[in-house]
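Asks: predicted structure and sequence below. I'll ask about it afterward.
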Amino acid sequence: MLARGAVAEVVLPGDVPAMAVVGHEALKEFMGHPDVAKGAEHFAALQEGRIPVGWPLTTFATVRGMVTADGAEHRRLRSLVGKAFTARRVEELRPGVERLAAELLDGVAAAAAAADDGVVDLRALFALPLPMNVISELLGVDEEFRARLHTLSTRLVSTDIAPERAVAANREMVAVLGAVAASRLERPGDDLTSALIAARDAGAGPGSGPPDSRGDRLGEHELIGTMLVMIIAGHETTLNLITNAVRALCAHPDQLELIRTGGAQWADVVEETLRWDSPVSFFPFRYPTRDVTVDGTVIPRGTPVLAGFSAAGRDPAAYGPDADRFDITRRAATRHLSLGHGAHYCLGAPLARMETTIALRQLFTRFPDLRIALPETELARQHSFVGNSVRELPVVPGRSAL
(Lines give C-alpha, C1' and ligand atoms only; values in the text may rest on other atoms or scores of the structure.)
Protein backbone atom coordinates (compact mmCIF):
# COMPACT_ATOMS: atom_id res chain seq x y z
CA MET A 1 0.00 0.00 0.00
CA LEU A 2 2.78 2.42 0.92
CA ALA A 3 4.51 1.72 -2.38
CA ARG A 4 1.40 2.96 -4.18
CA GLY A 5 1.05 6.16 -2.19
CA ALA A 6 0.65 7.75 1.22
CA VAL A 7 -3.15 7.36 1.24
CA ALA A 8 -4.93 4.20 0.12
CA GLU A 9 -8.51 3.11 -0.44
CA VAL A 10 -9.32 -0.06 1.52
CA VAL A 11 -12.33 -2.29 2.14
CA LEU A 12 -13.11 -3.25 5.73
CA PRO A 13 -14.88 -6.46 6.82
CA GLY A 14 -18.48 -6.44 5.66
CA ASP A 15 -17.53 -4.61 2.45
CA VAL A 16 -17.38 -1.26 4.22
CA PRO A 17 -15.36 1.24 2.12
CA ALA A 18 -12.69 3.12 4.00
CA MET A 19 -9.25 4.66 3.60
CA ALA A 20 -5.89 4.21 5.28
CA VAL A 21 -3.16 6.80 5.70
CA VAL A 22 0.14 4.93 5.53
CA GLY A 23 2.85 7.52 4.77
CA HIS A 24 4.62 9.00 7.78
CA GLU A 25 4.24 12.70 7.00
CA ALA A 26 0.74 12.21 5.63
CA LEU A 27 -0.33 10.36 8.77
CA LYS A 28 1.18 12.98 11.04
CA GLU A 29 -0.66 15.69 9.11
CA PHE A 30 -3.93 13.75 9.15
CA MET A 31 -3.87 12.97 12.89
CA GLY A 32 -3.29 16.63 13.68
CA HIS A 33 -5.73 18.06 11.11
CA PRO A 34 -8.33 20.45 12.57
CA ASP A 35 -11.04 19.00 10.30
CA VAL A 36 -10.56 15.40 11.41
CA ALA A 37 -12.60 13.97 14.31
CA LYS A 38 -12.91 10.77 16.34
CA GLY A 39 -16.59 10.84 17.29
CA ALA A 40 -18.87 8.27 15.63
CA GLU A 41 -21.40 10.99 14.83
CA HIS A 42 -19.05 11.82 11.94
CA PHE A 43 -19.04 8.23 10.57
CA ALA A 44 -21.39 8.63 7.58
CA ALA A 45 -22.13 4.95 6.92
CA LEU A 46 -22.90 4.31 10.59
CA GLN A 47 -25.21 7.31 10.88
CA GLU A 48 -27.00 6.31 7.65
CA GLY A 49 -27.66 2.78 8.94
CA ARG A 50 -25.33 1.04 6.51
CA ILE A 51 -23.24 -0.74 9.19
CA PRO A 52 -24.71 -4.16 10.11
CA VAL A 53 -25.28 -5.36 13.66
CA GLY A 54 -22.28 -7.37 14.84
CA TRP A 55 -19.80 -5.58 12.60
CA PRO A 56 -16.36 -6.57 14.00
CA LEU A 57 -15.15 -2.98 14.31
CA THR A 58 -18.26 -1.53 15.95
CA THR A 59 -16.66 -1.22 19.39
CA PHE A 60 -13.78 0.84 18.01
CA ALA A 61 -16.27 3.31 16.57
CA THR A 62 -18.90 3.50 19.27
CA VAL A 63 -17.20 2.97 22.65
CA ARG A 64 -17.68 6.00 24.91
CA GLY A 65 -14.30 7.23 26.08
CA MET A 66 -11.19 9.21 25.24
CA VAL A 67 -10.50 7.47 21.94
CA THR A 68 -13.85 8.51 20.46
CA ALA A 69 -14.15 11.94 22.03
CA ASP A 70 -13.28 15.32 20.55
CA GLY A 71 -12.65 18.84 21.79
CA ALA A 72 -13.76 19.75 25.32
CA GLU A 73 -15.21 16.27 25.96
CA HIS A 74 -11.88 14.67 25.10
CA ARG A 75 -9.98 17.11 27.29
CA ARG A 76 -12.34 16.40 30.20
CA LEU A 77 -11.96 12.63 29.96
CA ARG A 78 -8.23 12.80 29.39
CA SER A 79 -7.81 15.02 32.42
CA LEU A 80 -9.66 12.54 34.62
CA VAL A 81 -7.65 9.53 33.46
CA GLY A 82 -4.38 11.41 33.16
CA LYS A 83 -4.14 11.73 36.93
CA ALA A 84 -3.19 8.03 37.04
CA PHE A 85 -0.39 8.44 34.48
CA THR A 86 1.67 11.32 35.81
CA ALA A 87 5.44 10.83 35.74
CA ARG A 88 5.44 10.49 39.54
CA ARG A 89 2.67 7.87 39.54
CA VAL A 90 4.35 5.81 36.81
CA GLU A 91 7.68 5.91 38.62
CA GLU A 92 5.97 4.74 41.81
CA LEU A 93 4.89 1.63 39.89
CA ARG A 94 8.46 0.68 38.92
CA PRO A 95 9.38 -1.46 41.97
CA GLY A 96 6.17 -3.46 41.64
CA VAL A 97 6.74 -4.02 37.92
CA GLU A 98 10.30 -5.21 38.60
CA ARG A 99 9.12 -7.64 41.30
CA LEU A 100 6.33 -8.98 39.08
CA ALA A 101 8.69 -9.49 36.12
CA ALA A 102 11.11 -11.45 38.31
CA GLU A 103 8.30 -13.63 39.68
CA LEU A 104 6.99 -14.36 36.19
CA LEU A 105 10.46 -15.32 34.99
CA ASP A 106 10.68 -17.77 37.90
CA GLY A 107 7.55 -19.31 36.45
CA VAL A 108 9.09 -19.41 32.97
CA ALA A 109 12.13 -21.24 34.35
CA ALA A 110 9.95 -23.74 36.21
CA ALA A 111 7.77 -24.39 33.15
CA ALA A 112 10.81 -24.90 30.92
CA ALA A 113 12.34 -27.33 33.42
CA ALA A 114 9.10 -29.33 33.49
CA ALA A 115 8.78 -29.48 29.68
CA ASP A 116 10.43 -32.43 27.96
CA ASP A 117 11.75 -30.23 25.16
CA GLY A 118 12.33 -27.13 27.31
CA VAL A 119 9.88 -25.10 25.18
CA VAL A 120 7.48 -22.63 26.78
CA ASP A 121 5.08 -20.00 25.44
CA LEU A 122 6.75 -16.76 26.50
CA ARG A 123 3.78 -14.70 25.35
CA ALA A 124 1.37 -16.53 27.66
CA LEU A 125 3.73 -16.87 30.65
CA PHE A 126 5.46 -13.49 30.58
CA ALA A 127 4.52 -10.93 27.91
CA LEU A 128 0.79 -11.19 28.72
CA PRO A 129 0.57 -11.36 32.54
CA LEU A 130 3.06 -8.53 33.11
CA PRO A 131 1.04 -5.68 31.52
CA MET A 132 -2.28 -7.32 32.34
CA ASN A 133 -1.50 -7.42 36.05
CA VAL A 134 -0.05 -3.90 36.02
CA ILE A 135 -3.08 -2.30 34.35
CA SER A 136 -5.40 -4.39 36.52
CA GLU A 137 -3.71 -3.15 39.67
CA LEU A 138 -3.91 0.40 38.35
CA LEU A 139 -7.63 0.01 37.65
CA GLY A 140 -8.41 -2.03 40.76
CA VAL A 141 -9.48 -5.15 38.81
CA ASP A 142 -9.76 -8.17 41.10
CA GLU A 143 -7.84 -11.32 40.17
CA GLU A 144 -11.03 -13.22 39.36
CA PHE A 145 -11.80 -10.96 36.38
CA ARG A 146 -8.37 -10.68 34.72
CA ALA A 147 -8.18 -13.80 32.56
CA ARG A 148 -11.69 -13.25 31.22
CA LEU A 149 -10.98 -9.62 30.41
CA HIS A 150 -7.97 -10.65 28.32
CA THR A 151 -10.01 -13.24 26.41
CA LEU A 152 -12.73 -10.70 25.70
CA SER A 153 -10.18 -8.03 24.73
CA THR A 154 -8.67 -10.41 22.19
CA ARG A 155 -12.09 -11.00 20.67
CA LEU A 156 -12.89 -7.30 20.52
CA VAL A 157 -9.69 -6.49 18.60
CA SER A 158 -10.17 -9.45 16.25
CA THR A 159 -11.21 -8.28 12.80
CA ASP A 160 -12.40 -11.64 11.46
CA ILE A 161 -14.86 -12.47 14.24
CA ALA A 162 -18.41 -13.60 13.35
CA PRO A 163 -21.19 -11.05 14.04
CA GLU A 164 -22.87 -13.08 16.78
CA ARG A 165 -19.56 -13.59 18.60
CA ALA A 166 -18.74 -9.89 18.29
CA VAL A 167 -22.07 -8.91 19.85
CA ALA A 168 -21.70 -11.50 22.60
CA ALA A 169 -18.13 -10.42 23.41
CA ASN A 170 -19.14 -6.78 23.64
CA ARG A 171 -22.07 -7.53 25.92
CA GLU A 172 -20.00 -9.75 28.18
CA MET A 173 -17.21 -7.17 28.35
CA VAL A 174 -19.69 -4.53 29.49
CA ALA A 175 -21.09 -6.97 32.07
CA VAL A 176 -17.66 -7.90 33.44
CA LEU A 177 -16.57 -4.27 33.65
CA GLY A 178 -19.85 -3.48 35.37
CA ALA A 179 -19.00 -6.13 37.96
CA VAL A 180 -15.54 -4.61 38.41
CA ALA A 181 -17.08 -1.16 38.89
CA ALA A 182 -19.61 -2.58 41.38
CA SER A 183 -16.77 -4.16 43.34
CA ARG A 184 -14.93 -0.85 43.52
CA LEU A 185 -18.12 1.01 44.45
CA GLU A 186 -18.57 -1.37 47.37
CA ARG A 187 -14.88 -1.38 48.33
CA PRO A 188 -13.20 1.81 47.04
CA GLY A 189 -9.42 1.80 46.89
CA ASP A 190 -6.44 3.77 45.67
CA ASP A 191 -7.10 2.88 42.04
CA LEU A 192 -8.28 4.55 38.86
CA THR A 193 -11.73 2.93 38.77
CA SER A 194 -12.50 4.13 42.30
CA ALA A 195 -11.36 7.61 41.30
CA LEU A 196 -13.54 7.55 38.17
CA ILE A 197 -16.54 6.42 40.20
CA ALA A 198 -15.94 9.25 42.65
CA ALA A 199 -15.83 11.66 39.71
CA ARG A 200 -19.04 10.18 38.34
CA ASP A 201 -20.84 10.54 41.67
CA ALA A 202 -19.51 13.99 42.52
CA GLY A 203 -22.30 16.49 42.91
CA ALA A 204 -25.06 13.96 42.32
CA GLY A 205 -28.42 14.91 43.74
CA PRO A 206 -31.60 16.82 42.98
CA GLY A 207 -31.09 19.44 40.34
CA SER A 208 -27.56 18.36 39.56
CA GLY A 209 -28.28 17.87 35.87
CA PRO A 210 -27.33 15.06 33.48
CA PRO A 211 -24.22 13.13 34.59
CA ASP A 212 -22.26 13.99 31.45
CA SER A 213 -22.87 17.73 31.70
CA ARG A 214 -21.24 18.86 34.93
CA GLY A 215 -17.52 19.58 34.89
CA ASP A 216 -15.50 16.47 35.68
CA ARG A 217 -18.47 14.21 36.25
CA LEU A 218 -18.45 10.92 34.41
CA GLY A 219 -21.54 9.33 32.93
CA GLU A 220 -22.26 5.60 33.33
CA HIS A 221 -21.46 4.83 29.68
CA GLU A 222 -18.31 6.93 29.88
CA LEU A 223 -17.18 5.03 32.98
CA ILE A 224 -17.54 1.62 31.35
CA GLY A 225 -16.16 2.89 28.03
CA THR A 226 -13.13 4.42 29.72
CA MET A 227 -12.47 1.20 31.63
CA LEU A 228 -12.80 -0.82 28.41
CA VAL A 229 -10.34 1.37 26.55
CA MET A 230 -7.89 1.27 29.46
CA ILE A 231 -8.01 -2.52 29.75
CA ILE A 232 -7.50 -3.13 26.03
CA ALA A 233 -4.94 -0.40 25.40
CA GLY A 234 -3.27 -1.00 28.76
CA HIS A 235 -2.27 -4.57 28.10
CA GLU A 236 -2.82 -5.62 24.46
CA THR A 237 -0.44 -2.98 23.10
CA THR A 238 2.33 -3.67 25.63
CA LEU A 239 1.82 -7.42 25.21
CA ASN A 240 2.48 -7.05 21.49
CA LEU A 241 5.37 -4.67 22.06
CA ILE A 242 7.20 -7.08 24.39
CA THR A 243 6.51 -10.03 22.07
CA ASN A 244 7.69 -8.17 18.97
CA ALA A 245 10.84 -6.89 20.69
CA VAL A 246 11.83 -10.41 21.76
CA ARG A 247 11.26 -11.69 18.22
CA ALA A 248 13.30 -8.84 16.78
CA LEU A 249 16.25 -9.34 19.13
CA CYS A 250 16.32 -13.10 18.63
CA ALA A 251 16.29 -12.58 14.87
CA HIS A 252 19.05 -9.96 15.09
CA PRO A 253 21.67 -11.26 17.56
CA ASP A 254 24.07 -8.50 16.52
CA GLN A 255 21.61 -5.97 17.96
CA LEU A 256 21.33 -7.90 21.21
CA GLU A 257 25.11 -7.96 21.42
CA LEU A 258 25.14 -4.16 21.19
CA ILE A 259 23.10 -4.05 24.38
CA ARG A 260 25.43 -6.44 26.15
CA THR A 261 28.52 -4.48 25.15
CA GLY A 262 27.07 -1.09 26.03
CA GLY A 263 26.62 0.09 22.45
CA ALA A 264 22.90 0.77 22.98
CA GLN A 265 20.29 0.83 25.73
CA TRP A 266 17.13 -1.19 26.32
CA ALA A 267 15.14 1.99 25.73
CA ASP A 268 16.61 2.04 22.21
CA VAL A 269 15.21 -1.45 21.61
CA VAL A 270 11.77 -0.28 22.68
CA GLU A 271 11.76 2.72 20.34
CA GLU A 272 13.09 0.81 17.36
CA THR A 273 10.56 -1.98 17.88
CA LEU A 274 7.76 0.58 18.04
CA ARG A 275 8.93 1.93 14.69
CA TRP A 276 9.96 -1.29 12.95
CA ASP A 277 7.22 -3.65 14.15
CA SER A 278 4.48 -1.49 15.64
CA PRO A 279 2.24 -3.30 18.15
CA VAL A 280 -0.74 -1.75 16.36
CA SER A 281 -0.86 -1.93 12.56
CA PHE A 282 -4.04 -0.07 11.58
CA PHE A 283 -5.86 1.85 14.29
CA PRO A 284 -9.57 2.68 13.76
CA PHE A 285 -11.00 5.37 13.27
CA ARG A 286 -10.81 9.02 12.36
CA TYR A 287 -13.33 10.86 10.14
CA PRO A 288 -12.95 14.04 8.09
CA THR A 289 -15.67 16.50 9.04
CA ARG A 290 -15.39 17.90 5.50
CA ASP A 291 -13.58 16.70 2.39
CA VAL A 292 -9.88 16.77 3.29
CA THR A 293 -6.93 16.51 0.91
CA VAL A 294 -3.89 14.64 2.22
CA ASP A 295 -0.80 14.22 0.06
CA GLY A 296 -2.86 15.01 -3.04
CA THR A 297 -5.65 12.50 -2.24
CA VAL A 298 -9.14 13.62 -1.31
CA ILE A 299 -10.63 11.82 1.69
CA PRO A 300 -14.40 12.44 1.58
CA ARG A 301 -16.29 13.73 4.59
CA GLY A 302 -17.51 10.94 6.90
CA THR A 303 -15.11 8.29 5.60
CA PRO A 304 -13.72 5.94 8.27
CA VAL A 305 -9.93 6.22 8.13
CA LEU A 306 -7.33 3.85 9.55
CA ALA A 307 -4.03 5.14 10.93
CA GLY A 308 -1.42 2.92 9.27
CA PHE A 309 1.27 2.83 11.95
CA SER A 310 3.12 -0.23 10.61
CA ALA A 311 3.59 1.24 7.15
CA ALA A 312 4.43 4.71 8.45
CA GLY A 313 7.19 3.19 10.58
CA ARG A 314 8.80 1.66 7.48
CA ASP A 315 8.38 4.72 5.24
CA PRO A 316 11.68 5.33 3.35
CA ALA A 317 10.72 8.97 2.87
CA ALA A 318 10.91 9.38 6.65
CA TYR A 319 13.59 6.87 7.67
CA GLY A 320 15.77 6.50 4.59
CA PRO A 321 16.45 3.61 2.21
CA ASP A 322 17.17 1.23 5.13
CA ALA A 323 13.79 1.80 6.79
CA ASP A 324 13.12 -1.96 6.65
CA ARG A 325 16.22 -2.70 8.75
CA PHE A 326 15.98 -3.27 12.51
CA ASP A 327 18.69 -1.02 13.95
CA ILE A 328 18.62 -0.02 17.62
CA THR A 329 21.40 2.52 17.03
CA ARG A 330 19.19 4.40 14.60
CA ARG A 331 19.25 8.09 15.42
CA ALA A 332 16.67 9.27 12.93
CA ALA A 333 15.51 12.82 13.43
CA THR A 334 12.00 11.59 12.56
CA ARG A 335 9.94 10.47 15.54
CA HIS A 336 7.84 7.36 15.00
CA LEU A 337 4.06 7.67 15.24
CA SER A 338 3.27 4.26 16.75
CA LEU A 339 1.98 5.80 19.97
CA GLY A 340 -0.06 8.43 18.16
CA HIS A 341 0.33 12.13 17.56
CA GLY A 342 -1.39 15.30 18.68
CA ALA A 343 -4.31 15.47 21.11
CA HIS A 344 -4.79 11.69 21.10
CA TYR A 345 -1.16 10.77 21.80
CA CYS A 346 -1.14 7.62 23.95
CA LEU A 347 -1.64 8.61 27.58
CA GLY A 348 -0.08 5.36 28.79
CA ALA A 349 3.09 5.66 26.68
CA PRO A 350 5.44 6.21 29.66
CA LEU A 351 4.03 3.15 31.44
CA ALA A 352 4.28 0.96 28.31
CA ARG A 353 7.87 2.05 27.76
CA MET A 354 8.79 1.36 31.39
CA GLU A 355 7.14 -2.08 31.45
CA THR A 356 8.78 -3.16 28.20
CA THR A 357 12.22 -1.90 29.18
CA ILE A 358 12.05 -3.78 32.49
CA ALA A 359 10.68 -6.91 30.79
CA LEU A 360 13.45 -7.06 28.17
CA ARG A 361 16.27 -6.29 30.57
CA GLN A 362 15.22 -8.93 33.07
CA LEU A 363 14.38 -11.54 30.42
CA PHE A 364 17.70 -11.44 28.55
CA THR A 365 19.69 -11.05 31.75
CA ARG A 366 18.01 -14.08 33.28
CA PHE A 367 18.12 -16.17 30.09
CA PRO A 368 21.14 -15.06 28.00
CA ASP A 369 20.79 -18.05 25.64
CA LEU A 370 17.06 -17.61 24.96
CA ARG A 371 16.01 -18.56 21.44
CA ILE A 372 12.71 -18.88 19.57
CA ALA A 373 11.74 -22.51 19.00
CA LEU A 374 10.20 -22.06 15.55
CA PRO A 375 11.13 -20.15 12.39
CA GLU A 376 9.41 -16.76 12.16
CA THR A 377 7.37 -17.94 9.16
CA GLU A 378 5.78 -20.68 11.28
CA LEU A 379 4.53 -18.39 14.05
CA ALA A 380 0.76 -17.93 13.74
CA ARG A 381 -0.33 -14.31 13.36
CA GLN A 382 -3.10 -12.61 15.30
CA HIS A 383 -6.62 -12.64 13.84
CA SER A 384 -6.52 -8.89 13.44
CA PHE A 385 -5.20 -6.10 11.25
CA VAL A 386 -5.42 -3.80 14.29
CA GLY A 387 -3.16 -5.66 16.72
CA ASN A 388 0.16 -6.70 15.20
CA SER A 389 1.95 -9.71 16.65
CA VAL A 390 1.87 -13.49 16.89
CA ARG A 391 -0.58 -15.57 18.91
CA GLU A 392 2.10 -17.63 20.64
CA LEU A 393 5.83 -17.21 21.17
CA PRO A 394 7.40 -20.64 21.78
CA VAL A 395 10.92 -20.22 23.14
CA VAL A 396 13.69 -22.29 24.67
CA PRO A 397 14.87 -20.15 27.60
CA GLY A 398 18.06 -22.15 28.03
CA ARG A 399 20.27 -21.83 31.07
CA SER A 400 19.30 -19.41 33.80
CA ALA A 401 21.95 -16.90 34.79
CA LEU A 402 20.58 -16.81 38.35
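Replies: Received it, and whenever you're ready, just let me know what you need.
Asks: going by C-alpha atoms from here, please, whenever you check contacts or count neighbours.
Replies: Noted.
Asks: count of neighbours near residue 278?
Replies: Counted with other C-alpha atoms under 10 Å, the neighbours of residue 278 add up to 30.
Asks: by contact count, what packs against whichever strand or helix holds residue 155?
Replies: Taking DSSP states H and E as the criterion, residue 155 maps to helix 143-157. For helix 143-157, the contact count by 3 or more C-alpha pairs under 8 Å, 6 or more residues apart in numbering; DSSP states H and E identifies helix 129-139, helix 163-186, helix 220-251 as packing neighbours.
Asks: just give me the neighbour total for residue 11.
Replies: 11.
Asks: state the distance from it to residue 19.
Replies: Summarising the geometry, the distance separating residue 11 from residue 19, computed by C-alpha to C-alpha, to the nearest Å, is 8 Å.
Asks: and if you look at residue 277?
Replies: 21 Å.
Asks: the two - which one has more neighbours?
Replies: For residue 277 versus residue 19, the count of surrounding residues by other C-alpha under 10 Å is larger for residue 277: 26 against 22.
Asks: what sits against that one?
Replies: With contacts defined as C-alpha atoms under 8 Å, 6 or more residues apart in numbering, the neighbours of residue 277 are 244, 310, 313, 388.
Asks: would you turn the residues you listed into CSV with distance to residue 176 and neighbour count?
Replies: CSV is the format used below for these (distance: C-alpha to C-alpha, whole Å; neighbours: other C-alpha atoms under 10 Å):
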residue, distance to residue 176, neighbour count
244, 29, 25
310, 32, 26
313, 36, 28
388, 26, 23
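Asks: how about those, which pair is most distant?
Replies: The two members of the contacts of residue 277 with the most space between them (C-alpha to C-alpha) are 244 and 313, at 14.1 Å.
Asks: pLDDT below threshold where in the stretch 251-400 of the chain?
Replies: Per-residue confidence of the stretch 251-400 of the chain (counting by pLDDT under 70) places the weak regions at 333.
Asks: can you give me the helices in it?
Replies: For the stretch 251-400 of the chain, applying DSSP state H, counting those that start in this stretch gives helices covering 253-260, 266-276, 309-313, 316-319, 349-366.
Asks: what angle separates the last one from helix 266-276?
Replies: Helix 349-366 and helix 266-276 are oriented at 120 degrees to each other (axes from the mean of the first three to the mean of the last three C-alpha atoms, to 10 degrees).
Asks: got it, and the first one?
Replies: Counting by the same axes, to 10 degrees, helix 253-260 lies at 150 degrees to helix 266-276.
Asks: can you give me how far the helix or strand where residue 9 lies is from the chain middle?
Replies: Using DSSP H and E, residue 9 falls within strand 7-12. Relative to its parent chain, strand 7-12 has a centroid offset of 22 Å by C-alpha atoms, centre = their mean, to the nearest Å.
Asks: now the next helix-or-strand element following that strand: mean pLDDT?
Replies: Later in the chain than strand 7-12, the nearest helix or strand by DSSP H and E is strand 16-21. Confidence for strand 16-21, expressed as mean pLDDT, is 98.
Asks: stretch 125-137 too?
Replies: Throughout stretch 125-137, pLDDT has a mean value of 95.
Asks: name the residues that touch it?
Replies: By C-alpha under 8 Å, 6+ apart, the list of residues contacting stretch 125-137 from outside reads 97, 100-101, 104-105, 107-108, 142, 146, 150, 191, 230-231, 234-236, 238-240, 242-243, 355, 359.
Asks: what's around residue 81, how many residues?
Replies: The tally of other residues near residue 81 (other C-alpha under 10 Å) stands at 20.
Asks: quick one, what contacts the residue nearest to it when sequence neighbours are not counted?
Replies: In space, residue 81 comes closest to residue 192 once its chain neighbours are excluded; the distance is 7.4 Å by C-alpha to C-alpha, 6 or more residues apart in numbering. With contacts defined as C-alpha under 8 Å, 6+ apart, the neighbours of residue 192 are 81, 84, 138-140.
Asks: if we can go back for a sec, what about the helix holding residue 155, distance to the chain center?
Replies: The chain centre lies 14 Å from the centre of helix 143-157; the measure is C-alpha atoms, centre = their mean.
Asks: in contact with residue 140, which residues?
Replies: Contacts were defined as C-alpha under 8 Å, 6+ apart; by that measure residue 140 touches 180, 184, 189-194.
Asks: got the phi and psi for it?
Replies: In this entry, residue 140 is assigned phi and psi values of phi 80, psi 30 (degrees, to the nearest 10).
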